[in-house]
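>>> what would the 3D arrangement of this be:
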Amino acid sequence: RRACVYSSTSPSLQRWATATLRHLITEDRRRACVYSSGPHRYESFMRQLVSTGGIMILCSLLSAEDAETRAHATSALEAIVISAREIGLAISSSSGSSSTSSTRAGRGTGADSSIVDAVVSNSGCGPALAHLLISSDESVAMMGCSFASSLISPLLTDPRGSGGALQRCVATDGGHDDAEEDGLSSYRHAALALAVGEEGGLGGSSSGGSSVSCLPSLISILRSGSADSDSWGGGSKSRSIKLQVVAGECLAAIALAIGHIVGASESSSARNSNNCGAYHSHYVRAKGALEIMEGEGMHDVAYRLVTSASSRSFDPARNTPHARLGEAMGVVLLALSSCSRASSSHLASNRAVSTLVTIASESIDA
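Have a look, this model is predicted:
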């Protein structure tokens, strides 16, 4: 099937093959999770999708002319990432790991991180995805946001990512030396690819790669869904709160990645004047992504959404869309204020501290 998908010029055949793959992935995940141990242990074929070029082919189909083929390829890639993550957690749990945190839902795993790396290296975060995000069709834009979220969501759901951001803000020693040490580097690289394009591009050349950023598209989704979007450049197309939440959580994960890389690199350079940063190329790209966020006024967008009346109407269960969006924007402000002078100055000029403390107090009393 892989050969026919890659070589066939028939849209119908490509469409059928990508649609069928989604069902195979679902069944593979079921078997791998149910039979993760014992004499009848089932071995998932997820890892083979990287070594055999399956991820590369699916990434190339993101740019297919046929809309249904693009949709099936996007859904298949998302399903592969999520399935590999769940299978990895199931195997860790069945192996009797002594650490319960290693099997906690939302944690990244080695299995899915290798697939995320393959998606990034094959331009899965490039122009084709950006094209999905700017679509006026709500379902298409949601499909693009959902796929992007699957690549970087552990930065929010894994305590090593979201918790690390808070630790860096209160730490007195400047943070961690090694931006790769916590096992989330693949997701941070994917976040950078979404923000500033893939380093090296599909062919792996250091001078190549895509410079297309998905950041403006994600930010425009938040702007267009706001009641006062016209005052800050939003479009006339109103976006649903469901789409805004997914886009907002993607931006929160990207902001955490940028804050981590910039903070870790600058801290390392400050302690060692002979070292310009162990991950200098990532630092340069992270600074570029930060400039895009500042240029798009992400700190202003986030602050307005956090302080909006709808976001402040917290549900005690913390599971309403507006509450999720407000929390995501709070994470954005946390990450940006740790590495962006423009963001810190904006918050200071708006006397944001007292307002945010009031909102936090209201959420505790809710």
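
>>> helices and strands around the one helix or strand residue 115 maps to, which ones?
Using DSSP states H and E, residue 115 maps to helix 110-121. Applying 3 or more Cβ pairs under 8 Å, 6 or more residues apart in numbering; DSSP states H and E, one finds that helix 110-121 makes contact with helix 48-51, helix 54-60, helix 67-94, helix 138-152, helix 185-196. C-beta coordinates here come from the backbone N, C-alpha and C atoms, glycine included.

>>> kindly export stretch 41-49 (C-alpha atoms) in PDB.
C-alpha atoms of stretch 41-49 as PDB (Å, rounded to 0.1, in the frame of the first residue of the first chain):
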ATOM      1  CA  ARG A  41       2.100  -9.700  23.500                       C
ATOM      2  CA  TYR A  42       1.400  -7.800  20.400                       C
ATOM      3  CA  GLU A  43       4.100  -5.700  18.700                       C
ATOM      4  CA  SER A  44       2.900  -2.400  17.300                       C
ATOM      5  CA  PHE A  45       4.000  -1.400  13.800                       C
ATOM      6  CA  MET A  46       4.200   2.300  14.700                       C
ATOM      7  CA  ARG A  47       8.000   2.400  14.800                       C
ATOM      8  CA  GLN A  48       8.200   0.900  11.300                       C
ATOM      9  CA  LEU A  49       6.300   3.900   9.900                       C
END
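
>>> in it, what counts as buried?
Under the neighbour-count criterion of 16 or more other Cβ atoms under 10 Å, stretch 41-49 has 42, 44, 46, 49 buried.

>>> please tell me how far that stretch is from the chain's geometric centre.
With Cα atoms, centre = their mean, to the nearest Å as the basis, stretch 41-49 stands 24 Å off its chain's centre.

>>> hmm, who's touching it?
With contacts defined as Cβ atoms under 8 Å, 6 or more residues apart in numbering, stretch 41-49 is touched by 28-29, 31-32, 34-36, 54-55, 80, 83-84, 87, 111, 114-115, 118.

>>> stretch 69-76 too?
Under Cβ under 8 Å, 6+ apart, the answer for stretch 69-76 is 11, 14-15, 18-19, 21-22, 25, 58-59, 61-64, 128, 132, 140, 143-144, 147.

>>> give me the buried entries from those residues.
14-15, 18-19, 21-22, 25, 58-59, 61-62, 64, 128, 132, 140, 143-144, 147.

>>> pick out the residue closest to the middle of this structure.
residue 152 (2.8 Å; Cα atoms, centre = their mean).

>>> OK, contacts around it?
Going by Cβ under 8 Å, 6+ apart, the list of residues near residue 152 reads 187, 190-191, 194, 250, 253-254, 257.

>>> what's the answer for residue 246, then?
Contacts of residue 246 (Cβ under 8 Å, 6+ apart): 142, 145-146, 149.

>>> is the residue sitting furthest away from the middle of the chain in a helix, a strand, or coil?
Computed with Cα atoms, centre = their mean, the maximum C-alpha offset from the centroid of the chain is found at residue 39, amounting to 37.1 Å. Per DSSP: H, G, I helix; E, B strand; the rest coil, the local secondary structure of residue 39 is coil.

>>> good, we can wrap up now.
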